[in-house]
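**Student:** 3D, please:
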Amino acid sequence: MTDYTIRLGDWATLGPDASAIRFEVFVDEQKVPAEIELDEMDAVCLHAVAYDAAGKAIGTGRLLPDGHIGRMAVRKAGRGAGIGGAILQQLMEQARTRGDAAVVLNAQTVAAPFYARHGFVQQGKEFAEAGIAHIEMRLVLK
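**Tutor:** Next up, the predicted model:
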């Protein structure tokens, strides 16, 4: 899948599409409790949603005011096509543009190599979040 577009916006605009992806990936696939998937930070984040050629939402991520990137998710049909990387790059560029010195994320340990390919470096020890092993990763922006 090479034909996709990424839209940036607030929760009021992109929330319905972003939450549908997040529930499919995190709640349905990974068994994250539904009650912790959405949080109060959604309202203050910059959201990114990727859409395929047919206009279906296929990937998402968010940038928090403090420079954290989170809730990165791509539906099964879009995985392996560079969509997650494109979303990540867009969020990193937005952080850079607003003057953030670095971006930080809590990567699922199995996804750490993906983030490392984008320049993120592991910080600290592994920890559990929503019952899933995670590692903090950081990237200094240039």
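**Student:** mind checking how far residue 38 is from residue 16?
**Tutor:** Noted for residue 38: a distance of 12 Å to residue 16, by Cβ to Cβ, to the nearest Å. Glycine gets a C-beta too; all of them are placed from N, C-alpha and C.
**Student:** and those two? which has more neighbours close in?
**Tutor:** For the pair residue 38 and residue 16, the greater number of neighbours falls to residue 38 (17 against 11), based on other Cβ atoms under 10 Å.
**Student:** what's the spacing between the closest residue in space to the more buried one that isn't next to it in sequence and residue 25?
**Tutor:** Closest residue in space to residue 38, ignoring its immediate chain neighbours: residue 19 at 6.3 Å, by Cβ to Cβ, 6 or more residues apart in numbering. To residue 25, residue 19 is 11 Å away according to Cβ to Cβ.
**Student:** same deal with residue 66?
**Tutor:** Taking Cβ to Cβ, one finds residue 66 at 23 Å from residue 25.
**Student:** who has more neighbours, those two?
**Tutor:** The neighbour count for residue 66 versus residue 25, taken as other Cβ under 10 Å, is higher for residue 25 (21 against 10).
**Student:** from the centre of this protein, point out the most distant residue.
**Tutor:** residue 54 (21.7 Å; Cα atoms, centre = their mean).
**Student:** which residues does the nearest residue to residue 120 once chain neighbours are set aside bridge with?
**Tutor:** Leaving aside its sequence neighbours, residue 120 sits nearest to residue 137 (Cβ to Cβ, 6+ apart; 3.9 Å). Beta-bridge partners recorded for residue 137 (DSSP bridges): residue 105, residue 122.
**Student:** which residues in this protein form strands?
**Tutor:** 4-9, 46-52, 57-63, 68-74, 102-108, 121-129, 132-140 (DSSP state E).
**Student:** any low-confidence regions in the chain?
**Tutor:** By pLDDT under 70, the low-scoring segments of the chain are 1-2.
**Student:** for it, which helix is longest?
**Tutor:** In the chain, taking DSSP state H as the definition, the longest helix is helix 83-97.
**Student:** list of residues touching it?
**Tutor:** Contacts to helix 83-97, defined as Cβ atoms under 8 Å, 6 or more residues apart in numbering, come from residues 1, 4, 6, 8, 46, 48, 50, 58-63, 67, 69, 72, 74, 103, 114-115, 117-118, 139, 141-142.
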